[in-house]
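In: Using only what follows, build the 3D model:
(chains A and B)
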Amino acid sequence: MTELDPGLLGEQIAESGQLSEPDGGHEIGRARRRKEDQRLLTGHTRWTDNLQQPGMLYVMFMRSPMAHARITRVDVSGARDLPGVVAAFSGRDFAEEQGSLPCAWPVSEDIVIPDHPPMAVSEVRYVGEAVACVIATDRYRAADALEAIEVDYEPLPAVMDMREALTPGSPKVHEAGNKAFSVKITSGDVEAALRDAPVLIDRTYVQQRLIPSAMEPRAVLASTDGDTFTLWSSTQIPHVLRVMLAVTTGIPEHRLRVIAPDVGGGFGSKLQVTAEEVLCLLLTRRLGVPVKWTESRSEGNLTVHHGRDQIQHLTLAAEADGRIRGLRVELLADMGAYLMLVTPGVPMLGASMFNGIYKMEAYEFGCTGVFTTKMPTDAYRGAGRPEATFAIERIIDELAAELGMDPIEVRRRNWIRHDEFPYTTVSGLTYDSGDYEAATERALALFGYDKLRAEQADRRDRGDPVQLGIGVSTYTEMCGLAPSRMLGMANYGAGGWEHGSVRMLPTGKVEVITGTSPHGQGHVTAWSQIVADSLGVPFDDVTVLHGDTAIAHKGMDTYGSRSLVVGGMAVLQACEKVKVKARKLAAHLLECSPDDLEFDGGAFKVRGTGAAKTIQELAFAAFTAHDLPEGVEARLDSDATYDPDNYSFPHGTHLCAMEVDTETGQVRIRSYVAVDDVGKVINPLIVRGQVHGGIAQGIAQALFEEAVHDADGNLLTTTMADYLLPSAADLPDFTTDRTETPSTGNPLGVKGVGEAGTIASTPAVVNAVVDALRPYGIHDVRMPCTPERIWRALEGARS
Amino acid sequence: MPRIAITVDGIHYEEDVEPRLLLVHLLRERLGRTGTPVGCDTSNCGACTVMLDGKSVKSCSVLAVQADGCDVVTIQGLGANGAMHPMQRAFHEEHALQCGFCTPGMVMAAIDLLRDDPDPSEETIRQGLEGNLCRCTGYCNIVRAVRRGAQEMGQAVRTP
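Out: The predicted model follows:
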């Protein structure tokens, strides 16, 4: 089924948003304006760096200028003597108590997990690693004091290239060597599939290293009353963080409260247990005063975990008619210098997704995690799935080119048909639902595919210096992280459930508590819509609390497009439990059997009579407790945890038309169409926003962004002047639309949308660039496809 | 230490400041105007944009002493009588913010670009906001919001 997104026309969205009162059970699907906005728009924000505590001191870190070196001396005494400086410490001062930063995903039996001290004690392994810190009365004095710290290093060789790192003579990052782990997964007979295949495509793609670049720099504030500890942090994972900090620092979990106040974007970069969080906690314990640390952007580019950084070698075997026989994937994944929270798990999240939406008989995935002297990598929007999707969608286009076939036609011959769901893929995942035909058909129509192909042919014939490329990406992704049972099978250190509670207040208003921890996704608004529909209460009568372990006491937080699929479901189930309690109370007050009641429009009504009790009346009756039946306690409040049985699999078709100036290498996105199917939509406005932002971030990888190091391991892209986030002037307007195939895995029918755009858009854009350049014999351009790289590719082809 | 006189969101202050103190730190850490955030250290992101005597500046690249005698308006002083400025309302209506960290600067820059062109095209808006980075929205809805805000501000002038 195809549903036109009213969002194609801003005016229509605006109209639908004017409706303020729900008309009974129809909040879900409505383009509600966000409850979050008022505060954010008027500056009444609670960013961690805004927070002040009486007597608070400022922390700054001295960071290694060497990629790899032995620390021979650290002298902080010069800093201690300066005015306004309260203390200064080296790593050695915390060696006994700082522990090791945790890795929660040991993906293989023989994985090497090196010790990772929050502040380096004897050796540094990337530029930016903390070696000392100062604590001062203000940030200016702290910065002055850093200048007075002396550190002597004995340089060791930097290890920057993954392939070289794996050669026998390579210098070692860690004593145990440069290989962190090796994993292989096979399904079917890949050797047989590749042997004598009529078409064999062999390609190597490079996923460049990226810097996530959430707009809010990280900040941490820690305080203690001598007994309990409170840590405010710009984090996506207050709950996971609390557990891990307790384990790392030895502060008992019940005496540690973690708060994620307003968090200004994450994209996976704040899914981490950081050195600065551990050290601020230890500093407040040692000094007995509140301490705050806020990173500068340059510091953040060095020390917020990086993303991607893989070398992907693919071999695809196909029949002469384009049907895929099998696929082999050999992956090198750059871990950086240490394994952080889910560093080794990131490539494994892509392990089952390289086959994409296609049917094949044989599949093999091998991955080696490699240590280098760089900042560790970890989750970045999509985490493993963008890499996999890029590779399969690029090589499918290569298959089409090899066969002289339209890239859409090759996909049609291989994709899972809508009547074949649920479908268990060659890699063993069972896709819940989907309609690739419908999404693609809709995208082709909106894009004007045939007309653009005609224009392309015309430009090629004319030898137009500006060539037109058309890029296709028909993606799916694995969302709703995750079924705890499956995470256990993957050796992940925690479950994937989520928690939700509903408190019915005496006045009939509703307080919802969620274990998810939003940082821009609009959970307060969307969860209010779910609750309003379920309980029949007005949207405006619902509030949502989150991000404070003392209030939202259970949760698994926000990442992996999981919040709605798992957290929204937990909230819905808590609502259902409220109604079970309310029904008993209503039956008692209305003097009927619970079975005689129907719940409609926020009230329990006795069938066939006018007698009724609203949910608000019942909340008040439970509060007064004057007349409760046997076995009903004085509250309707309920809570639930939800653990899905399966992942969810959103999908869609993205099309990009790219103009490439073959004389200068300059590119311009002429049009971009995205038709996504994220299952049932709670709020189309929020979904559209997520898709827009995701597309922009995927385009950023394709065309603009790359973390660049020199041979000595210095990061050259430490500022936003060097690391090019796209601005409004660099991007076009996007045309977005949806098809809606409900997930069969949960009663809401939702699939998740946070990562879809990013996963889909990178291959669409690079496919478009390459498509424009095919007449010149070019079949790849390395990301980011800068004008220089395109120009060099053309020069190389011409000569 | 130099003493400066400065008006921020309608309140007059006299402050002794170190010559190196940045305006944004004066606003955030001395005057409690934390609505204006800091997103970078090279004046690239624009999150800290405020109005200084009616023109938008990145307050991380202005020294507090340079603002002596000036009138500063931050995102917190933009609305009047408890109501949001039309540009703030337009951002809300068009879903032009997600995490909201870039939003104060984005709103300020948007208002400023209307001084030169009260009815800007999409192209003009995109060029005009080039100095303000957003990581969440992909800018589509920001562009729509600025156009809507421009229309509403135009109507506000025309309506008696």
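In: Listing request: residues of chain B with sub-threshold pLDDT.
Out: Low-confidence segments of chain B (pLDDT under 70): B:155-160.
In: ranges for the strands of it?
Out: B:3-8, B:11-16, B:49-52, B:55-58, B:71-73 (DSSP state E).
In: Neighbouring strands - and their directions - for the first one?
Out: Applying DSSP bridges, strand B:3-8 is found paired with strand B:11-16 (antiparallel), strand B:71-73 (parallel).
In: Then the fourth one?
Out: Each strand pairing with strand B:55-58, determined using DSSP bridges, is listed with its direction: strand B:49-52 (antiparallel).
In: quick one: contacts of the partner strand?
Out: Contacts to strand B:49-52, defined as Cβ atoms under 8 Å, 6 or more residues apart in numbering or on different chains, come from residues B:23, B:27, B:36, B:56-59, B:62, B:67, B:70-75, B:104-106, B:108-109, B:111-112, B:132. Quick note: C-beta positions are derived from backbone N, CA and C, even for glycine.
In: Next, count neighbours for A:Pro747.
Out: 14 (other Cβ atoms under 10 Å in any protein chain shown).
In: ok, it to chain B distance?
Out: 27 Å (Cβ to the nearest Cβ, to the nearest Å).
In: what's the answer for A:Gly307, then?
Out: Spatial separation of A:Gly307 from chain B under the definition Cβ to the nearest Cβ is 13 Å.
In: Now do the contacts for that residue.
Out: Under the criterion of Cβ under 8 Å, 6+ apart, the contact list for A:Gly307 reads A:Arg209, A:Leu210, A:Ile211, A:Pro212, A:Gly268, A:Ser269, A:Thr377, A:Asp378, A:Ala379, A:Tyr380, A:Arg381, A:Ala383.
In: Could you report the pLDDT at the last one?
Out: Spelled out, that is A:Ala383. Among the per-residue scores, A:Ala383 holds a pLDDT of 96.
In: A:Ala582 versus A:His588, what's the distance?
Out: Relative to A:Ala582, A:His588 is positioned 11 Å away (Cβ to Cβ, to the nearest Å).
In: higher neighbour count, those two?
Out: Summary of the neighbour comparison: A:His588 and A:Ala582, criterion other Cβ under 10 Å, with A:Ala582 having more neighbours (27 against 17).
In: OK, contacts around that one?
Out: Under the criterion of Cβ under 8 Å, 6+ apart, the neighbours of A:Ala582 are A:Met504, A:Phe604, A:Ile615, A:Leu618, A:Ala619, A:Ala622, A:Leu636.
In: next one: A:Lys680
Out: For A:Lys680, the residues meeting the contact criterion (Cβ under 8 Å, 6+ apart) are A:Ile28, A:Gly29, A:Glu740, A:Pro742, A:Ser743, A:Leu748, A:Gly749, A:Val750, A:Lys751.
In: Kindly reformat those as a markdown table containing secondary structure, neighbour count and distance to A:Gly488.
Out: Output for the contacts of A:Lys680, formatted as a markdown table (DSSP: H, G, I helix; E, B strand; the rest coil; neighbours: other Cβ atoms under 10 Å in any protein chain shown; distance: Cβ to Cβ, whole Å):
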| residue | secondary structure | neighbour count | distance to A:Gly488 |
| --- | --- | --- | --- |
| A:Ile28 | coil | 20 | 32 |
| A:Gly29 | coil | 16 | 35 |
| A:Glu740 | coil | 20 | 32 |
| A:Pro742 | coil | 18 | 27 |
| A:Ser743 | coil | 26 | 22 |
| A:Leu748 | coil | 19 | 25 |
| A:Gly749 | coil | 19 | 26 |
| A:Val750 | strand | 29 | 24 |
| A:Lys751 | coil | 33 | 23 |
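In: can you tell me which of those residues lies nearest to chain B?
Out: Nearest to chain B among those, counting by Cβ to the nearest Cβ, is A:Gly29 at 15.6 Å.
In: Angles on the backbone of A:Asp600, please.
Out: The phi and psi torsions at A:Asp600 (degrees, to the nearest 10) take the values phi -150, psi 130.
In: can you list the domain ranges for the chain.
Out: Chain wasn't specified; assuming chain A. As assigned by the TED database, chain A contains the domains A:54-156+A:213-302, A:417-477+A:648-798, A:497-642.
In: hm, I was asking about chain B
Out: According to the TED database, the ranges for chain B are B:3-73, B:86-157.
In: Dump the strands of chain B to a markdown table, plus mean neighbour count.
Out: Below are those laid out as a markdown table (neighbours: other Cβ atoms under 10 Å in any protein chain shown):
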| stretch | mean neighbour count |
| --- | --- |
| strand B:3-8 | 18 |
| strand B:11-16 | 11 |
| strand B:49-52 | 24 |
| strand B:55-58 | 19 |
| strand B:71-73 | 20 |
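In: what ranges of the stretch 1-150 of chain A fall below the confidence cut-off?
Out: For the stretch 1-150 of chain A (pLDDT under 70), the answer is A:1-25.
In: Tell me the helix or strand right after the least confident helix or strand in chain A by mean pLDDT.
Out: Taking mean pLDDT, DSSP states H and E as the measure, the helix or strand of chain A with the lowest value is helix A:10-18, at a mean of 32. Of the helices and strands lying after helix A:10-18 in sequence (DSSP states H and E), the nearest is helix A:37-41.
In: Can you spell out which helices and strands pack onto the helix or strand that that following helix is followed by?
Out: Per DSSP H and E, helix A:37-41 leads on to strand A:57-63 as the next helix or strand towards the C-terminus. On a contact count with 3 or more Cβ pairs under 8 Å, 6 or more residues apart in numbering or on different chains; DSSP states H and E, strand A:57-63 meets strand A:130-136, helix A:139-146, helix A:275-287, strand A:291-294, helix A:297-303.
In: Same list (the strands of chain B) but as JSON lines, adding distance to A:Gln701.
Out: Written out in JSON lines, the entries for these read as follows (distance: least, Cβ to Cβ, whole Å):
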{"stretch": "strand B:3-8", "distance to A:Gln701": "40"}
{"stretch": "strand B:11-16", "distance to A:Gln701": "45"}
{"stretch": "strand B:49-52", "distance to A:Gln701": "27"}
{"stretch": "strand B:55-58", "distance to A:Gln701": "27"}
{"stretch": "strand B:71-73", "distance to A:Gln701": "37"}
